[in-house]
Structures are given as C-alpha cells and as structure tokens.
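Trainee: show me the folded form of this:
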Amino acid sequence: MTTTELGQAIASAPQIFRLFKASWTRLQERRKQEKARAALYDLNDRELKDIGIARGEIEYVASNRSIDPRGACSSSPISI
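Mentor: Residues are numbered from 1 along each chain as shown. Take a look at the predicted model:
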C-alpha cells in the first residue's frame, strides 16, 4: 500500500464510521418501535382505551413515538 492509498483509507474512515453509527442508530430505533408495537398489540381494547388509543392506531403510535398518543386518539372530532 502506498502512502497515498493509506492516506485515502484513513480519510474515508470517518465517513465509514458515520455511516455505521447512523445504521446502528436506525437499527436501535427500529427495535424500540417493534417492542412498543408488540407491547401495544398485547393490550386488550379496554387497556388501549385507557391510554387513549384505538387498536387501529397502534402502527401510527409505534412508528411516531415522539407524538403523544392521547393527541392522536380517534375520539377527537373529525372535520370534513
């Protein structure tokens, strides 16, 4: 390996690290979503109602964990 090739390899290392870190972060987020989804599907309809979501909203709530599910409940009026 020449000095130039070694320099290019070292220069690309931070890019590879950033790509790996972004991929790892996304994988961890996906795992959290799956855990939340599974936990919500394990609840019965009454328990879901107690926390303010309907069974049909589980996918949305699990995918948008930063959103308060009580603000996305189906009991809110829908204007057409």
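
Trainee: measure Asp42 to Phe17 for me?
Mentor: In this view, Asp42 and Phe17 are 38 Å apart by C-beta to C-beta, to the nearest Å. The way it works is simple: take the backbone N, C-alpha and C, and place the C-beta from them, glycine included.

Trainee: hang on, I meant Glu57
Mentor: 38 Å.

Trainee: those two: which has the busier surroundings?
Mentor: Glu57 (16 against 10; other C-beta atoms under 10 Å).

Trainee: tell me the pLDDT at the more buried one?
Mentor: If you check Glu57, the pLDDT there is 92.

Trainee: so which helix or strand takes in Gln15?
Mentor: Taking DSSP states H and E as the definition, one finds Gln15 inside helix 3-42.

Trainee: check which element follows that helix along the chain.
Mentor: Assigned by DSSP H and E, the successor of helix 3-42 is helix 45-51.

Trainee: and for Glu59, the neighbour number?
Mentor: The burial count for Glu59: 13, using other C-beta under 10 Å.

Trainee: phi and psi next, for it.
Mentor: When read as degrees, to the nearest 10, the backbone of Glu59 gives phi -60, psi -40.

Trainee: when you give positions from now on, start the count at 13
Mentor: With 13 as the first residue, the last one maps to Glu71.

Trainee: residue contacts, the closest residue to Glu46 other than its chain neighbours?
Mentor: Excluding its sequence neighbours, the residue lying closest to Glu46 (C-beta to C-beta, 6 or more residues apart in numbering) is Ala74, at 7.9 Å. By C-beta atoms under 8 Å, 6 or more residues apart in numbering, Ala74 lies in contact with Gln45, Glu46, Ala48, Arg49, Leu52.
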